[in-house]
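Engineer: Model the structure of this input:
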Amino acid sequence: MKPIIAGECVQLSKLVRRITAPNPGLMTGPGTNSYLIGTQQVAVIDPGPAEPSHIEAIIKACAGKLKWIFVTHTHKDHSPAAQQLAQRTGAQLLGNLLPQDDGHQDLSFKPDHSLAHNQLFTSPEFSLRALHTPGHVGNHLCFLLEQEGMLLAGDHIMQGSTVVIIPPYGDMQAYLASLQLLLNYPITTIAPAHGLLIEQPIAEIERLLQHRLARESKIIQALKTLQPASLEQLTAAVYSDVNSALHEVAQLSLWAHLLKLEKESVAYCQQQLWRLVD
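Structural biologist: Okay, here's the model as predicted:
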């Protein structure tokens, strides 16, 4: 499969093109993918960071036909280019806000309209359905291109890595429910915000569900052995198969798992130490 090159406009299907922003990193992989849908009336999904060269690449590829700018969520590698793109093109800006900033949100994002679950946008060429998929963060959306069965997944599903869930705005219980929700839709391909196309979407969604539940079982086993235990102690035990350099990030998802178990009356926290409910 051809590697991702920042700034290159790649035709992925009859209706979809991809331009990757020049923002590679630990959390962004090769960079943030912006997807262009359609040719007569163009929709952009996740315009990415406010990098001038990336904004120019999107404008050039849209050739004066940009109608909609959709944002999957307002993390700072996804939406900061949106405002400039809207001002320069007159395109409608669409996406959802979080009620409060958690320190990770793009505060420049001011949508013309928010989006409801299952809301449909149509052009002469395509139908694009917004799907509310909280978990990675509460305002996260995926978009289903119905003509091709392609899911524009934002950070809900990444190619080659699992998604970090950062409480309190990231919610593991909601994330697993959102993954399960996607199994109800006719998805044939996943286009993630980071990485290459995922060609076996149902198998990937089921793999992610199994992976998260297996990690949760490992947490319960660790609590049986170590309790009471701190987040640091549990991280070392539960993520023993992960490079220790990544444990600081892994600890965030561990915390999200523990909060899920707390909601389900399986575990509880007292004086920053976690225990299983008797």
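
Engineer: switch to C-alpha atoms for all contacts and neighbour counts from now on
Structural biologist: OK.

Engineer: So which bits of stretch 244-258 are buried?
Structural biologist: Judged by neighbour count using 16 or more other CA atoms under 10 Å, the buried positions of stretch 244-258 are His247, Ala250, Gln251, Leu252, Ser253, Leu254, Trp255, Ala256, His257, Leu258.

Engineer: actually stretch 37-44, sorry about that
Structural biologist: Ile37, Gly38, Thr39, Gln41, Val42, Ala43, Val44.

Engineer: got it, and stretch 162-178?
Structural biologist: 163-167, 169-176, 178.

Engineer: Span of that stretch from start to end?
Structural biologist: Taking CA to CA, to the nearest Å as the measure, stretch 162-178 stretches 15 Å from start to finish.

Engineer: sorry, back to before: let me have the buried residues of stretch 162-178 in a markdown table, adding pLDDT as columns.
Structural biologist: Supplementary listing: the buried residues of stretch 162-178 in a markdown table, determined by pLDDT from 0 to 100:
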| residue | pLDDT |
| --- | --- |
| Val163 | 88 |
| Val164 | 87 |
| Ile165 | 91 |
| Ile166 | 88 |
| Pro167 | 90 |
| Tyr169 | 88 |
| Gly170 | 90 |
| Asp171 | 94 |
| Met172 | 95 |
| Gln173 | 96 |
| Ala174 | 96 |
| Tyr175 | 96 |
| Leu176 | 97 |
| Ser178 | 97 |
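
Engineer: For Cys62, give me its contacts.
Structural biologist: Cys62 makes contacts with Leu36, Thr39, Val42, as judged by CA atoms under 8 Å, 6 or more residues apart in numbering.

Engineer: and of those, the nearest to Arg207?
Structural biologist: Ranked by distance to Arg207 (CA to CA), these are led by Leu36 at 28.0 Å.

Engineer: Grab the nearest non-local neighbour of the closest one.
Structural biologist: Computed as CA to CA, 6 or more residues apart in numbering, the closest residue to Leu36 that is not its neighbour in sequence is Val44, at 4.6 Å.

Engineer: Quick check: bridge partners of that neighbour?
Structural biologist: Leu36, Ile69 (DSSP bridges).

Engineer: Pull up the gap between it and Trp68, please.
Structural biologist: To Trp68, Val44 is 6 Å away according to CA to CA.

Engineer: can you check Leu115 too?
Structural biologist: 13 Å.

Engineer: shared neighbours of those two, which are they?
Structural biologist: The contact lists of Leu115 and Trp68 share Leu94, where a contact means CA under 8 Å, 6+ apart.

Engineer: Pull the contacting residues for His78.
Structural biologist: Residues in contact with His78, defined by CA under 8 Å, 6+ apart, are Thr32, Asp46, Pro47, Gly48, Pro49, Val71, Thr72.

Engineer: change it to 6 Å
Structural biologist: By CA atoms under 6 Å, 6 or more residues apart in numbering, the residues touching His78 are Asp46, Gly48, Pro49.

Engineer: In three-state terms, label the second one for me.
Structural biologist: Reducing the assignment at Gly48 to three states with DSSP: H, G, I helix; E, B strand; the rest coil gives coil.

Engineer: Spell out which helix or strand contains the closest residue in space to it that isn't next to it in sequence, please.
Structural biologist: Leaving aside its sequence neighbours, Gly48 sits nearest to His78 (CA to CA, 6+ apart; 3.9 Å). Here His78, judged by DSSP states H and E, is contained in no helix and no strand.
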